[in-house]
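Structure for the following, please:
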Amino acid sequence: MRARRTDRFETLDAPAALDSWYVECGLVNEAPSCSGDDLARAVRVREAIYALVTARLAGEGYDEQALALVNEAARTPPATPRLTATGRWTEATPEQALSTVARHAIELLSGPDVPLMKECANPECTKVFIDRSRGGRREWCGMESCGNKVKAAAYRARKKQAVAAH
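Okay, the predicted model is just below:
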């Protein structure tokens, strides 16, 4: 999901998009051949994870339904890598891939990086990141995306204001 605070834009809009995401994020080497039902479940789990993360960021208690959904997804055995002659190879069923995602969320939300979690300061972005910068002052999910956009917009606004002042 992109732009949760403004115009919501669903990025997981087809089973093939979910397959691609699992491969692109490095969970598996080969797409697990997701179905429409797998996609619907993955979107529900993603939204539950987001609800848990935002609750944690706000210092609030967890939503019981979100908690149950993530824990249920994590109960399935995860994707298991194996060593081959050419290196690591991971295949998974759609259930195993989603279990791996849920388990990563559980590890993050119960681990030592919780105090370092932040949501991007760009009003159009809701990505969460771990701030390992000196002083913990990082504001954006990434400079190449949101940071440059925000800084460029601020620069244009200052230039426009300076021209208007003359």
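
rest of the way, CA atoms for contacts and neighbours
Fine.

Identify the spatial nearest neighbour of Tyr17, chain neighbours not counted.
Heads up, residue 17 is Ala, not Tyr. In space, and not counting its chain neighbours, Ala17 is closest to Thr11: 7.5 Å by CA to CA, 6 or more residues apart in numbering.

any idea how far that neighbour is from Thr93?
21 Å (CA to CA, to the nearest Å).

which stretches of the chain form strands?
Taking DSSP state E, the strands of the chain run over residues 80-84, 87-91, 117-119, 128-130.

Quick check: which helices or strands does the second one pack against?
Under the contact criterion of 3 or more CA pairs under 8 Å, 6 or more residues apart in numbering; DSSP states H and E, strand 87-91 touches strand 80-84.

What's the mean pLDDT across the strand it packs on?
Averaging pLDDT along strand 80-84 gives 95.

Which residue ranges make up each domain of the protein?
The chain breaks down into these domains under automatic domain parsing: 1-111, 115-166.

weakest of the ones you listed in terms of mean pLDDT?
domain 115-166 - the lowest mean pLDDT of these, at a mean of 80.

I'd assumed Thr93 was in contact with Pro32.
Yes. Pro32 lies in contact with Thr93 (CA atoms under 8 Å); the separation is 5.2 Å.

neighbour-wise, which of these two wins?
Pro32 (21 against 18; other CA atoms under 10 Å).

contacts for the helix ranked longest in the chain?
When the chain is parsed with DSSP state H, its longest helix is helix 36-58. Contact with helix 36-58 is made by 12, 14-15, 18, 61-63, 65-67, 69-70, 73, 94-95, 98, 102, 105, 109, 117-118, as judged by CA atoms under 8 Å, 6 or more residues apart in numbering.

Which ChimeraX command selects the buried ones in those?
Entered in ChimeraX, the line below selects the buried ones among these, by 16 or more other CA atoms under 10 Å:
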select :12,15,18,66,67,69,70,73,94,95,98,102,105,109,117,118
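
can you tell me which of the contacts of helix 36-58 are in helices?
Going by DSSP H, the helices hold 15, 18, 65-67, 69-70, 73, 94-95, 98, 102, 105, 109 from the contacts of helix 36-58.

Check these and tell me the two furthest apart.
Pro15 and Leu109 (27.1 Å; CA to CA).

Give me whichever of the domains of the chain is most buried.
Greatest average neighbour count among the domains of the chain goes to domain 1-111 (a mean of 16), per mean count of other CA atoms under 10 Å.

Which one of the ones in helices among the contacts of helix 36-58 is nearest to Ala85?
Of the ones in helices among the contacts of helix 36-58, the one sitting nearest to Ala85 (CA to CA) turns out to be Pro94, at 25.4 Å.
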